[in-house]
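Novice: structure of the sequence below:
(one chain, ligands or ions: 1)
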Amino acid sequence: MTKDYDTISATPFGSYLGAEISGINVSDCSDEQIADLKTAFVEHGVVVIRDQTLSPDQHVEFAQRIGDINVNRFFKASDENEQIAEVRKEPHQKKNIGAVWHTDHSYDQKPALGSILYAKELPPIGGDTLFNSMHAAWDALSDGLKLTLSTLRAEHSSRHVFGRLTAEATPDLEGRILNAEEATQDATHPVVIRHPQSGKEILYVNPQFTVGIEGWNKDESDALLGFLYQHSLKPEFSCRLRWAPGTIAMWDNRATWHCALNDYQGHRRLLHRITLEGVELEAAVA
Ligand code: SIN
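Specialist: Residues are numbered from 1 along each chain as shown. Sure thing, here's the model as predicted:
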């Protein structure tokens with residue numbers, strides 16, 4: 001089950017995605033280890049590295065060895081390094097960040113490649129993160145529906161998630177989610193993309209940021225997207241990450257959804273997130 005690369009090993013913890021990586025200390029690793037980690041990242045969708053000790057600067061240096069950093073414009077930055085976004089919930093706060101299944105930055109014309117999340121402080125229990133394989137979800141559809149989906153594009157937006165109306169309705173997030181006036185990004189992407197590295201077909205719509213199918217009316221669009229979400233959320237397409245302080249998770253944002261569980265009321269949870277720049281996504285069938 002464990003796969004040995006030249007310099008690291010990967011042990012899957014989900015049938016379709018998720019692997020624990022051993023044999024690497026990310027604050028002091030070789031170019032060969034970084035190359036193997038990138039390969040494992042594409043193969044497994046989510047890679048998890050345990051027991052790491054990273055200063056904010058080391059987190060940034062590690063991220064820069066994987067790709068260019070996309071500084072998040074809506075999350076509060078860490079006071080220690082402005083390239084790091086805080087995913088934080090204090091004991092008195094009720095809402096967490098990332099509770100709705102999503103793909104980061106799908107509202108950008110060049111959506112993020114992925115994120116590197118580093119666990120700093122965790123509740124005694126709870127606060128796990130769920131991930132979904134959107135290749136597995138695609139693969140399980142019928143050939144007939146695949147043919148139809150391959151012709152479609154979907155609209156994605158940041159406005160209803162990070163914009164002014166939402167900010168006003170969720171004062172609990174004040175100080176953690178910022179810059180409501182900058183939530184003006186809309187983008188369209190193919191409903192089925194070809195993964196830029198693996199070449200696999202991926203179902204590329206998500207419950208949080210996708211707002212409709214291009215050229216379809218709202219009823220038609222809601223019905224199709226509703227079916228696709230219900231289908232994609234079958235438990236067998238998912239894996240669950242239980243964090244510990246010092247855990248790093250890197251997820252491939254083109255191939256996965258994620259969702260942060262909010263089952264730890266009264267406790268603090270703080271993770272540091274760095275997001276990496278991606279490229280424009282191409283249709284699986286040109
Ligand atoms: C996120 O959506 O980036 C947050 C994930 C998490 O808190 O586990």
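
Novice: what does this structure put close to the ligand?
Specialist: Proximity of the chain to the ligand (C-beta under 6 Å from any ligand atom) is limited to residues 87, 97-98, 115, 129, 258, 260, 271, 273. In short, each C-beta sits where N, CA and C put it, glycine included.

Novice: if I pick I213, what's in contact with it?
Specialist: Listed by C-beta atoms under 8 Å, 6 or more residues apart in numbering, the contact set of I213 reads 152-155, 191, 220-221, 224-225.

Novice: between the residues of the chain next to the ligand, which is closest to N81?
Specialist: Taking C-beta to C-beta as the measure, N81 lies nearest R273 of those, at 11.6 Å.

Novice: quick check: the closest residue to the ligand within the stretch 51-200 of the chain vs W251, distance?
Specialist: Relative to the ligand, the nearest point of the stretch 51-200 of the chain is G98 (2.5 Å; C-beta to the nearest ligand atom). Distance, G98 to W251, by C-beta to C-beta, to the nearest Å: 11 Å.

Novice: please apply the same query to T184.
Specialist: 26 Å.

Novice: before we move on, what about R159?
Specialist: Counting by C-beta to C-beta, the gap from R159 to W251 is 24 Å.

Novice: okay, these two: which has more neighbours?
Specialist: Legend: neighbour count by other C-beta atoms under 10 Å for R159 and W251, higher for W251 (28 against 17).

Novice: helices or strands up against the helix or strand where the more buried one lies?
Specialist: Using DSSP states H and E, W251 sits within strand 248-252. Under the contact criterion of 3 or more C-beta pairs under 8 Å, 6 or more residues apart in numbering; DSSP states H and E, strand 248-252 touches helix 31-44, strand 46-49, strand 114-121.

Novice: nearest to V71, of those?
Specialist: strand 114-121 (12.3 Å).

Novice: skip the chain neighbours and tell me the closest residue to P245.
Specialist: A119 (5.6 Å; C-beta to C-beta, 6 or more residues apart in numbering).

Novice: so what pLDDT did that neighbour get?
Specialist: Model confidence at A119, given as pLDDT, is 98.

Novice: for the chain, what spans make up the helices?
Specialist: 31-44, 56-66, 134-139, 143-149, 159-162, 164-169, 218-232 (DSSP state H).

Novice: just name the most buried of those helices.
Specialist: Highest mean neighbour count of those: helix 134-139, a mean of 23 (counted as mean count of other C-beta atoms under 10 Å).

Novice: picking that back up, so the strand holding W251 versus strand 114-121, what angle?
Specialist: 160 degrees (axes from the mean of the first three to the mean of the last three C-alpha atoms, to 10 degrees).

Novice: can I assume Q109 is in contact with A187?
Specialist: Yes: judged on C-beta atoms under 8 Å, Q109 makes contact with A187 at a distance of 4.6 Å.

Novice: tell me the contacts of the residue lying closest to I177 once chain neighbours are set aside?
Specialist: Nearest residue to I177, sequence neighbours excluded (C-beta to C-beta, 6+ apart): F74, at 5.5 Å. Residues near F74 by C-beta under 8 Å, 6+ apart: 158, 162, 177-179, 182-183.
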